[in-house]
Every structure is written in C-alpha cells, then in structure tokens.
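Engineer: Sequence and computational prediction follow.
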Amino acid sequence: MYFKDGDTARQTSIQSKMHFLTVQKYFEKFRKNIALYSDEMYQYNSNRVSDYDEYLYLPQSLNIEDNIHKLQHFLTLSYDDTIYNIMMPKTKQSLLHMQDDREHKLMMKYLKFNTISKLSKSQNTITKFWDYFEKFICRYKGVSNEKFIFYLKEAEWRFNIQQKHKIK
C-alpha cells in the first residue's frame, strides 16, 4: 500500500511503525520485481518501439564540469505511450580523469553533441518521462550507482501507470 502510493521507505517506516531497514528491504524487493516485469514487457513489445533518445542525468545541484564521473546515462524508448529505459555503460574512468584540459573540453563537447535519437515530435512521451523522472528522483537524497537502475525502473513503472490511466 505505501510503496504503491509513492511513499518513501522513511515515510512508510514512520507511518507503519515498522523498522526502517525492514521497510527498505521490502522496497528494494519491489523495485527489483518492477525491473524484471519491465524487461518482460519490453521483450514482448520490442518490435513496437517508435521513438528513442538518450539521456544524461546529473542531479541539479551538481556542476557537470566537476562531476562528469557521476553522470547516469540511459537510453529511453517508447511504444504506445509506454516507456522503457536501458542503462548505458559508464564512461571509462581513464576518460573521466583527464589531466589535459583540451581532452576534458573534447569530452564535454562529445557529451553535448553526440546523441542517439529518433523522435517523431519534440514534445513526446519520452520528454514527458524525463520531466517526470527529474521530479521523481529528487525525493531521494542521493541514490548509489548500483541502485540507480532500480529507481529508474520504479519511475518508469509509475509513469507508465499514469499514462495508462490518462488514456482511459
């Protein structure tokens, strides 16, 4: 009930009077199941993908110049107003810790201008998801690299549910 309603583990712990770590374990299990479900649904619908675009996420409070190694890079696909995300590999550490200022500028230019995309219109399901994701992830005060994919999949799941309810 609490997870489905969008409460955080901390909020749920307070409201239900359950120990925080117990709640957090349940929430992690839910997120893993959501990721598995998302993958199954994508495998079933992969032939219907109509748009895709890549996204580089960095918390708004961080400067990209100083925190390029913290970028989360994912590819967002859509079909029938449904979103699916694929995490892209992290940039190699050797590229991230460049000593040469010229190399650093080249990397920033590459990140700015080299993207993979196929969009049928500028305001679409993908850009709506990214706006949703930016608001969603702010509720969590820092997500580790290892768990980021599960929060991304949770946002994807919640967004897709909202989209389905809007259509009906």
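Structural biologist: Perfect, I can see it now. Numbering: from 1, shown residues only.
Engineer: where do the strands sit along the chain?
Structural biologist: Using DSSP state E, the strands of the chain run over 51-57, 72-79, 82-87, 117-118.
Engineer: a markdown table for these, including mean neighbour count, mean pLDDT and distance to residue 13?
Structural biologist: Bear in mind the C-beta positions are built from the backbone N, C-alpha and C, glycine included. Shown next, in a markdown table, are those (neighbours: other Cβ atoms under 10 Å; pLDDT from 0 to 100; distance: least, Cβ to Cβ, whole Å):
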| stretch | mean neighbour count | mean pLDDT | distance to residue 13 |
| --- | --- | --- | --- |
| strand 51-57 | 17 | 86 | 27 |
| strand 72-79 | 19 | 90 | 26 |
| strand 82-87 | 19 | 94 | 28 |
| strand 117-118 | 11 | 52 | 41 |
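Engineer: of all those, which lies closest to residue 127?
Structural biologist: Shortest distance between residue 127 and the strands of the chain, using Cβ to Cβ, is found for strand 51-57: 8.0 Å.
Engineer: Next, the angle from the closest one to strand 72-79.
Structural biologist: Direction vectors for strand 51-57 and strand 72-79, defined by axes from the mean of the first three to the mean of the last three Cα atoms, to 10 degrees, enclose an angle of 160 degrees.
Engineer: helices and strands around strand 51-57, which ones?
Structural biologist: Applying 3 or more Cβ pairs under 8 Å, 6 or more residues apart in numbering; DSSP states H and E, one finds that strand 51-57 contacts strand 72-79, strand 117-118, helix 125-138.
Engineer: quick revisit: could you point out which of the strands of the chain sits nearest residue 158?
Structural biologist: The closest of the strands of the chain to residue 158 is strand 82-87. By Cβ to Cβ, the value is 10.2 Å.
Engineer: Report the inter-axis angle for that closest one versus strand 51-57.
Structural biologist: 50 degrees.
Engineer: returning to that earlier point: and the helices and strands packed on strand 51-57: which comes nearest residue 54?
Structural biologist: Across the helices and strands packed on strand 51-57, residue 54 has its closest neighbour in strand 72-79 (5.0 Å, Cβ to Cβ).
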